[in-house]
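In: Task: produce atomic coordinates for the following.
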Amino acid sequence: ERDDVIIVASVSCIYGIGSVETYSAMTFTLKQRERIDQRQLIADLVALQYKRSAGDFYRGSFRVRGDVIEIFPAHYEDRAWRVSLFGDEIESIHEFDPLTGAKTDELEFVKIYANSHYVTPRPTLLQAIAGIKQELKWRLDQLNAGGRLLEAQRLEQRTLYDLEMMEATGSCAGIENYSRYLTGRRTGEPPPTLFEYVPDNALVFVDESHVTIPQLGGMYRGDFRRKATLAEYGFRLPSCMDNRPLRFEEWDAMRPQTVGVSATPGPWEIEQAHGIFAEQVIRPTGLIDPPVDVRPARTQVDDLVGEVRQVAAAGYRALVTVLTKRMAEDLTEYLHEQGIRVRYMHSDIDTLERIEIIRDLRLGAFDALVGINLLREGLDIPECALVAILDADKEGFLRSETSLVQTIGRAARNIDGRVILYADTVTGSMERAIAETNRRREKQEAFNAANGITPESVRRGIADIMESVYERDHVLISTGGGLAGIGDEDTATIGHNFEAVIADLETRMRAAADDLDFEEAARLRDEIKRLRATELAVIDDPTAKAVAIARSGSPSPRTRGEGPRKPTLDEMGPGPDKESKPYRPGPRSTSGRAGMRGGWRPRGR
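Out: A predicted model of the protein is given here:
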């Protein structure tokens, strides 16, 4: 309905979400002084899959109190509408906070959208039920003829139950598996997706296109194998396979004008662009790509120990990439035996634990992080001055040109960053990656010289790394244990060691106590205790479980500060009649569980 809309979506945007024509047709508008029967309004809300609730008030529900109908729209999280009737006329429409009940605005009209993308008009639903019954009869005859009585009974029981629910309520669990009949599409036709809601003049940005584009192509195959198994053994009708993601060819034909964003574009992007790129090599900070050094792999571990010690002594951090999980764990154990504060991170570590590990690395709780394939795209650690790639000559997806360029880029945030490739032979991927890095560095150096720019390391707040997690579902977390200001430019940890961070926190704690700001002083005290406990746990056992480390230094988040809360209207952004205000998020949690997952134990010697 509006053109100035930004949609942020994952690869799941190619999955079916219901017909755009049906969804648009099922919306309706309520206006002040409009005449409408209360029973008809309730029936219209039920037809849009809204649920009537006398007690609990949640998104997609409504409640009736005399002549007042309160509606919690499906597309809002922090506001609801109160429609007051006088007989058959809408007397007023107010917007209110569903939690407190306080009125926030008076509205002339509201538009109510369906609570489900699969909402269907009654005539279309009855027609779909007839088609489902025909397919069910054909499939049951097929299964019974093959002597597969168990599958036939399972399919009949599930499908008849779904049909009864659809006839009675207009919906059922898993209704998307009947989307072929609900949308009126033929067998094999692409399902309606988000791209059908997007106008032709839209612009699509594909971030990290070298990873995203292959994912788009692989979604259909994985979904087909899963749905084929369900249909084969009587869990679903064969028509469920039409509830699928788009094939790559279908997405390619349906997408509007597209911009692929990647430091290492893949073959499809290169082919579509006909070799014409818009490069953004020049950095405003003047930072140049790190120099790359190739050293023999025969003595890579011993050489790595010396390099990590040198980097740690300068107050920087080191990233080390290996080929397997076992190699990461064994190398972590060996570096620990050499007196290096080190942790490892691979796919067995939960997402939240990975974020806490990276955060503790930036704060200096340990000096080196060993990983496999996670130390690549999107990892922004300005404190990292060394990236060591072990076994760089082992050709494969972990040591391809794309992987090497992405991994080398992790050291490009620091003015003193450098990269070491441990290899006995120089492969083609290594040559191309080194050549591309040298080309970018020469281009940046020429720009710096021409404009008199002195390179500076990136300065990024450490608390920022947690924002994307706690802003999910628009819930702000505050446990009172934050590092407010530790990530500011004047207190950046680039070049600082762990003791410097602790000393800075202690200074701020005492200053807060002198100012009688005891809450801030207590928060800083708890953060100092947590960081010191994390450091001791790393020194004692770099493979310790995350729960043990969290318990050793962080009190329960329930014992201090406030819990999860809904953001205010100002934090959510401007409403229809409100001015835009700068977003000021609340304090972020720092009491997460930093450490290792799983109970890995070193092998017996």
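In: State whether residue 259 is indeed within a helix.
Out: No. The secondary structure assignment for residue 259 gives strand rather than a helix, going by DSSP: H, G, I helix; E, B strand; the rest coil.
In: Who is it paired with across the strands?
Out: The bridge-partner assignment for residue 259, based on DSSP bridges, gives residue 205.
In: Which pLDDT value goes with it?
Out: With respect to pLDDT, residue 259 scores 92.
In: how much space is there between it and residue 170?
Out: Here residue 259 is placed at a distance of 41 Å from residue 170 (Cβ to Cβ, to the nearest Å). Just so you know, the C-beta spots here come from the backbone N, C-alpha and C atoms, and that holds for glycine as well.
In: Look at residue 587 and report its pLDDT.
Out: What the model reports for residue 587 is a pLDDT of 40.
In: the residue most distant from the middle of this protein, which is it?
Out: Relative to the centre of the chain, the most outlying C-alpha is that of residue 87, 48.3 Å out, by Cα atoms, centre = their mean.
In: Just the pLDDT for it.
Out: Per-residue confidence (pLDDT) for residue 87: 88.
In: Next one: it from residue 280, what distance?
Out: 63 Å.
In: picking up where we left off before, could you check which of residue 259 and residue 170 has the larger neighbour count?
Out: In this comparison of residue 259 against residue 170, neighbours counted by other Cβ atoms under 10 Å, the higher total goes to residue 170 at 19 against 13.
In: Can you give me the distance of the more buried one to residue 376?
Out: Taking Cβ to Cβ as the measure, residue 170 and residue 376 are separated by 46 Å.
In: Same question for residue 165.
Out: Residue 165 is 46 Å from residue 376, by Cβ to Cβ.
In: any idea whether residue 140 is helix, strand or coil?
Out: From three-state DSSP, the assignment for residue 140 is helix.
In: Name the helix or strand of this structure that has the lowest mean pLDDT.
Out: Taking mean pLDDT, DSSP states H and E as the measure, helix 467-470 is the helix or strand of the chain with the lowest mean score, a mean of 44.
In: helix or strand right after it?
Out: Next along the chain after helix 467-470, taking DSSP states H and E as the criterion, comes helix 498-514.
In: Would you mind pulling up the elements that the next helix or strand after that next one packs against?
Out: Downstream of helix 498-514, the next assigned helix or strand under DSSP H and E is helix 518-540. If you count contacts as 3 or more Cβ pairs under 8 Å, 6 or more residues apart in numbering; DSSP states H and E, helix 518-540 packs onto helix 351-363, helix 498-514, helix 546-553.
In: could you give me the average pLDDT of the last one?
Out: Right, the one you point to is helix 546-553. The average pLDDT for helix 546-553 rounds to 50.
In: and what of stretch 128-146?
Out: The predicted confidence, averaged over stretch 128-146, sits at 94.
In: Show me which positions of that stretch end up buried.
Out: Of the residues in stretch 128-146, those with enough neighbours to count as buried (16 or more other Cβ atoms under 10 Å) are 128, 129, 132, 135, 136, 139, 140, 143.
In: Tabulate those (CSV), appending secondary structure and distance to residue 291.
Out: Output for the buried residues of stretch 128-146, formatted as CSV (DSSP: H, G, I helix; E, B strand; the rest coil; distance: Cβ to Cβ, whole Å):
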residue, secondary structure, distance to residue 291
128, helix, 64
129, helix, 68
132, helix, 65
135, helix, 65
136, helix, 67
139, helix, 65
140, helix, 70
143, helix, 66
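In: Tell me which residues are up against the helix or strand containing residue 271.
Out: With elements taken from DSSP H and E, the one containing residue 271 is helix 267-273. Defining contact as Cβ atoms under 8 Å, 6 or more residues apart in numbering, one finds that helix 267-273 is touched by 209, 210, 213, 260, 262, 265.
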